[in-house]
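Undergrad: Quick one: sequence and predicted model below, then my questions.
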Amino acid sequence: LEVNPDDDEAWYNRGYALDELGRTEEAVASYDRALEVNPDQDLAWNNRGYALGKLGCYEEALKSYDRALEVNPDHDLAWNNRGNALDELGRYEEAVASYDRALEVKPDKDEAWYNRGNALRKLGRYEEAVASYDRALEVKPDQDLAWNNRGNALDELGRTEEAIASYDRALEVNPDHDLAWNNRGYALVNLSRYEEAVASYDRALEVNPDDDLAWNNRGYTLGKLGCYEEALKSFDRALELKPDDFGAFCARACIYARQNHLELALDSLKRAFQLNPDKSRQLVQTDTDFDELRNDPRFQRLIENPEKQES
């Protein structure tokens, strides 16, 4: 570039290298220089969009992908990446349409089938999502994320045994996929297979000891087994990791109430209501664990006037 400052390929390659180094803003600036010299470089528009997406600038990224596709309407990667930007913006129908265009150009593009499945799942179109994940897995059977998300879609459809089988496939590919272990545990709970569920959560926590959701789920399941002290330890760990989790305070209150530790139950409920009064009320109003507390004036005040609780 010192010899030839108008070498668009050099600016493009510089941008690519900077992006690989994590110097994303500088990468965008390099792509901009490449595109000043050659506005018809679809790869530069695509990569500029990708870098902008890393920076969270999804609207700007979308404009870059659109420019790439003006230059080359058959740029399957730009259609796929455009879908990802739309997905990040919550525009899931448009995202699906973008993935469809990528797949018209390249029908065996596994990442587009996978991304399409994710967008369809967010739209609640679970059967179509499963079909998309299946197509992704036909092309690339060792895609643990696709097996995991396929399991999530199957679980939403109530096909719990199939969901567990899908999580198992994810874990064959990647035994350290903590999210798949957690999701597998959740599905096992739905089948009342509580001891197996706890074992699954334990595996998730071996991989990621700081997973507050897995600690929460483990606590809930131990409560189902009547292992109240262990359940409380799990909820306490979850709250160490995420102190503003009102749900964990509610769940801990349930355990205390089952043990007839009503003062401790009320203390936990107060914390929950301080964090999220509306959702906490929804959780506790009909929960039979709190039947012994329903006539307690302090419990009634929590339900009726949660905003007046003391800090």
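TA: It's in. Residues are numbered from 1 along each chain as shown.

Undergrad: any low-confidence regions in the chain?
TA: Judged by pLDDT under 70, the chain has its weakly predicted residues at 1-6, 305-311.

Undergrad: Which stretches in the stretch 201-311 of the chain count as helices?
TA: Assigned by DSSP state H, counting those that start in this stretch, the stretch 201-311 of the chain shows helices spanning 212-224, 228-241, 246-258, 262-275, 277-285, 297-304.

Undergrad: so what does the fifth one touch, helix or strand wise?
TA: It refers to helix 277-285. Counting contacts by 3 or more C-beta pairs under 8 Å, 6 or more residues apart in numbering; DSSP states H and E, helix 277-285 packs against helix 246-258, helix 262-275, helix 297-304. For glycine as for every other residue, the C-beta is placed from the backbone atoms N, C-alpha and C.

Undergrad: Then the first one?
TA: Contact analysis of helix 212-224 by 3+ C-beta pairs under 8 Å, 6+ apart lists helix 178-190, helix 194-207, helix 228-241, helix 246-258 as its packing neighbours.

Undergrad: Please dump these into TSV; it should also carry mean neighbour count and distance to A10 for every row.
TA: Listed next are the helices and strands packed on helix 212-224 as TSV, based on neighbours: other C-beta atoms under 10 Å; distance: least, C-beta to C-beta, whole Å:
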stretch	mean neighbour count	distance to A10
helix 178-190	24	41
helix 194-207	20	43
helix 228-241	19	47
helix 246-258	24	54
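
Undergrad: For my notes, please list those helices in TSV and give distance to A44 for each entry.
TA: Compiled in TSV, those are given as follows (distance: least, C-beta to C-beta, whole Å):
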stretch	distance to A44
helix 178-190	35
helix 194-207	39
helix 228-241	42
helix 246-258	46
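
Undergrad: closest one to Y114 among the ones you listed?
TA: helix 178-190 (14.9 Å; C-beta to C-beta).

Undergrad: Can you list the helices and strands that that closest one packs against?
TA: When contacts are defined as 3+ C-beta pairs under 8 Å, 6+ apart, helix 178-190 sits against helix 144-156, helix 160-173, helix 194-207, helix 212-224.
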